[in-house]
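Fold the following.
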Amino acid sequence: MAPKYAGLLGTAKTVIGEEGFRALYKGLTAGIHRQVIFSGIRVGLYTPVRDSIAGPLEPGQHASLLTKMLAAIVTGAIGITIANPTDVVKVRLQNQSKANLAGKSSKMMYKGTIDCYSKIIKNEGLKGLW
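Numbering: from 1, shown residues only. Presented below is the predicted three-dimensional model:
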């Protein structure tokens with residue numbers, strides 16, 4: 001049996017055929033939110049975290065590889081912890097069509113990103129976003 005999704009173009013063709021062209025962009029808004037939040041936190045906190053590990057650097061001085069790695073790990077962990085709700089929303093928006101195609105529901109559960117956040121918080125509380 002051939003796989004349902006075969007490569008990038010094959011996957012796009014299958015998704016378009018089953019759900020329409022717009023389905024390729026489901027979850028895009030939440031994905032952009034994630035990138036802005038996650039990357040912004042990582043980049044914005046890197047220097048303060050690095051300096052808290054090794055102390056402020058003089059002009060022309062460079063941090064050690066270990067210091068850079070520790071700073072990257074810490075800022076990455078902080079960033080993904082804060083940005084996780086955007087991943088939850090993105091995945092739910094992307095997967096809601098699969099439930100419809102499987103015959104589990106005839107109606108979309110979420111109208112968009114904000115509606116998804118609202119319903120998760122209302123039905124599951126803030127913990128539902130993590």
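
which residues does Ala12 contact?
Leu24 (C-beta atoms under 8 Å, 6 or more residues apart in numbering). Using the backbone N, CA and C atoms, a C-beta is placed for each residue, glycine as well.

For Leu65, see how far away it is.
40 Å (C-beta to C-beta, to the nearest Å).

Could you do Leu45 as well?
Distance, Leu45 to Leu65, by C-beta to C-beta: 19 Å.

for this structure, what's the longest helix?
helix 65-101 (DSSP state H).

ok, and the closest non-adjacent residue to the residue sitting nearest the centre point of the chain?
By C-alpha atoms, centre = their mean, the chain has its centre lying nearest to Asp87, at 3.4 Å. Spatial nearest neighbour of Asp87, excluding adjacent residues (C-beta to C-beta, 6 or more residues apart in numbering): Arg34 at 5.8 Å.

Mind jotting down where the helices sit in this structure?
Using DSSP H, helices in the chain cover 7-19, 28-54, 65-101, 113-124.

now the ones you listed in CSV, with mean pLDDT and distance to Met1?
What follows is these, written out as CSV (pLDDT from 0 to 100; distance: least, C-beta to C-beta, whole Å):
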stretch, mean pLDDT, distance to Met1
helix 7-19, 91, 15
helix 28-54, 95, 31
helix 65-101, 90, 18
helix 113-124, 96, 34
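
So for Trp130, which of those helices sits nearest?
helix 65-101 (5.4 Å; C-beta to C-beta).

Can you report how many residues lie near the closest residue to Ala23 other than its chain neighbours?
Closest residue to Ala23 apart from its sequence neighbours, by C-beta to C-beta, 6+ apart: Val15 at 5.2 Å. For Val15, the neighbour count with other C-beta atoms under 10 Å is 16.

Look up how far Ile32 lies from Val15.
19 Å.

And Pro85, by the same measure?
Counting by C-beta to C-beta, the gap from Pro85 to Ile32 is 14 Å.

Give me the more crowded residue out of the two.
Pro85 (21 against 13).

contacting residues for the more buried one?
Neighbours of Pro85 in contact, by C-beta under 8 Å, 6+ apart: Tyr117, Leu129, Trp130.

cool, Val88 as well?
Ile120, Gly128, Leu129, Trp130.
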